Structures are given as C-alpha cells and as structure tokens.
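S.K.: Dropping the sequence and predicted coords here.
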Amino acid sequence: MDVRAESNPQPLLAPVSISAKALIDLLVACAVGRLVCVPDSYQRSLLAELENGRRLPLTVAATEDEAVAICAGLYFGGRAAALSIQHSGLFACVNTLRGLALDVHLPLLMLVGLLGREPQLAPEDSKSSMNRLARPVLDALGIRHALLDDPESLVAIREEAQRTLQERRPFAVLLGAPTV
Amino acid sequence: MSPPPLTTKQVIEAVRGYRRDEIVLATMTALIAWAKQPLQPLDLPVVGAMGAASSIGLGLALARPEKRVWVLDGDGSLLMQLGTLATIGAAAPKNLVHLVVANGVYGFTGGQSLPLARPADLPAAARAFGYRVGLRVHSQDGLAKDLQLALGATGPVFIELVVERPKESGFDASALPSMSERGMVLRSALLAKPAEAKR
C-alpha cells in the first residue's frame, strides 16, 4: 500500500501555467535544436507553437521508446534534442531510458506533462498513480528532475538543467499545469 | 529447384562491399556479422536497446542530412518497435536506408521463433507507411543487383534480406562493442568533418 496516498496531503499553491514561448526559451537556452515528441495534452500550446512556427523543428514519434532513440541519434550526429512526453509515456519508455539515456550518458532534456494533476496537491499525494509515481520512477532511475509549477522557478530550473546536461546526464522538467 | 537460401554472413559481406563513407548502425545478429571486421569511426553498434536501431538511425539521418545512414536491423528487433515504420515514413529522410536481416528467430536468446507468420510482407508494410522503396531479397540471384539499386536510392528505403535460420544462437552480448564508447567516436568523427573540409 502506498502510505502517501493514505496520509493527509499537504496543501500547496495551485500550479501556474507556463507559456509556450517561455518553454521554447528554456529549450533554446539549453542548446536544444529539435524537439521530439509523443503528443501530451499539457504541452498542447507548445506543440502548436512549434508546428506553426519556425523556432525549432518538431519530430513526432509513434512511441516514447522511438522518441528517446531518435534523440540519441541526433546527439550522436552532433545535434542536441529534447523530449516532450506525458507521464504515462515516461513509464512506457523506462527500459529505453535505461539503455540509452543512462547507459550511453545522453544529455537529454525531458519535458514531462503531469496530466490530471490535482491543484494544490503534491504529485506524490495524487489519487492518480501516473502523477503519484512520476517522481519516484525518475528517482529510481537516478534521473534528476524539477517540478515546474510557477514561471518564477524557470531561471533556477534552467540553470540546473544546463549543469546536468553538461555532465552528459538526462534532466526531466515536470509540467504541473497545461502550457498556454 | 529453388536457389539456396542466403546466410547472414553473405548479406552482410555484400552490404560491406558497397560501403564507402556511410554511417552504419548494426544490431543483434547483423552486428555479430558486421563486427567480424574492425569497426570504423562511422560505425555504431546498437547494444542494450533492442528495437532502437532504426530510430537512432532516423535521429542520425535528421542530424546529418548530407550523410547516407544505413541501419542493419533484425526482424525480431523491428517487431520490438514496429511503429518505427510509421515514424520513419512520416519523417521521410531521403538519406536513410533500413536493412532488415530476417532470420526468423531471436538469435541472442537461443533461436526461438518470432511471432511472425509467413508470408508477412514487411516491405509492403514499409511502403504503406511511406518508405519510398520497399523490397525483399531472398536469393543470391538478386542480391547484388537489388542491393546496389536500393542502397543508392532516395530514402527512406526498406530492404528485407531473408536469410536461413542461424546454426548458432545464444550469443554473449557482453562481448559486443560498447555503444556508449562507439557513439562518442562517431559523434567526434561527424563533428570533425567541417573543420577537416576547411583545411
């Protein structure tokens, strides 16, 4: 039994939406040259911006396993890519993350949408296993992560992401609210 | 009388004969055969991520549109991530050639049969998903001509190379070259190219 789910959840401030432009700025600041995605509801505005605009090319993959592997190929080819998926996709591609992002030491920036996250609850207090397990799964894999709940935390998250990517390690940004 | 079946060794050596400066990714039993010769800087062994070779190849093809990228895949590997046919077909990289060495078995785990009914038509599936070329080679007669045609064609190209079931199986994956190390050798070689061209 998950003890957290039975405990009294700690109230938080409701997450604030991040703009697509701010996320693209984050990607560019991390030297990302292409976004590879399996579409995520929370990142709908980001994906629409990239489909309609010209700031970064977008590649859509059929599965998250493929998306991680495409990012690996881009890296071996000398280009940096980022991954855009939702929490269920994170669980779907755990073995490929192990085999490529971890064993190959891939500097992979991951945007992971926490679809259905309850406002004012930490993800670990969610009734949804997809939200509750996202950070523990990343912890188990040894993948550093940050919860992006507020535009004001973007600068600190960007700096931590840049440091981690320079160490040739993956870094996950968890999106606690839909982008706008 | 039908011609004798191809072997993995025959098809890999035939592919090697056409190789010039292409990036070559190899996985599973195709890698065993490809690694019989010393690996070149533009070779990438795909180890520890079964099914990922064609997607890694797609990433390389997108990163390096000026280079031809050949993926030496297996039929079991392809089945692991069959959606790759759709993703590659949609991305439509002109420089990607996806070769599948089809031996019908899981060679690394003891030679068990694949869950693939014959005559499953993988080249037809690839064409249906948007590959520009999809063909099958199953005898020595067509091997040289079809390989020459397909390896030089505008991609994405899919070639199924049907070979006999291997007599050996249960390979030791730990003896294979490291993808992590070879990946960085490949990356360095590709990043060094522009500087070399200026000299």
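M.R.: Done, it's in.
S.K.: Pairing partners for the one residue sitting closest to the centre of chain A in the sheet, please.
M.R.: In chain A, the centroid-proximal residue (CA atoms, centre = their mean) is A:Leu111; its distance is 2.1 Å. According to DSSP bridges, A:Ser84, A:Val173 are recorded as the beta-bridge partners of A:Leu111.
S.K.: show me what contacts it?
M.R.: With contacts taken as CB atoms under 8 Å, 6 or more residues apart in numbering or on different chains, A:Leu111 has the following neighbours: A:Leu23, A:Asp40, A:Gln43, A:Leu46, A:Ala82, A:Leu83, A:Ser84, A:Ile85, A:Ala172, A:Val173, A:Leu175. C-beta coordinates here come from the backbone N, C-alpha and C atoms, glycine included.
S.K.: Can you check the pLDDT for the first one?
M.R.: It refers to A:Leu23. pLDDT, A:Leu23: 95.
S.K.: pLDDT score for the most centrally placed residue in chain B?
M.R.: By CA atoms, centre = their mean, chain B has its centre lying nearest to B:Leu72, at 1.4 Å. For B:Leu72, the model assigns a pLDDT of 98.
S.K.: Using the three-state scheme, assign it.
M.R.: Assigned by DSSP: H, G, I helix; E, B strand; the rest coil, the conformation of B:Leu72 is strand.
S.K.: And the pLDDT for the residue of chain A at minimum distance from chain B?
M.R.: Each residue of chain A has a distance to chain B, by CB to the nearest CB, and the smallest belongs to A:Gly73, at 2.1 Å. The model reports A:Gly73 with a pLDDT of 98.
S.K.: unless I'm mixing things up, it is touching B:Leu62, no?
M.R.: Yes: using CB atoms under 8 Å, A:Gly73 and B:Leu62 qualify as a contacting pair, with a distance of 7.4 Å.
S.K.: Which one of the two is surrounded by more residues?
M.R.: When neighbours are counted by other CB atoms under 10 Å in any protein chain shown, A:Gly73 comes out ahead of the other of A:Gly73 and B:Leu62, with 33 against 24.
S.K.: element containing the closest residue to chain A within chain B?
M.R.: In chain B, the residue found nearest to chain A is B:Gly59; the distance is 2.1 Å by CB to the nearest CB. Counting by DSSP states H and E, the secondary-structure element that holds B:Gly59 is helix B:53-63.
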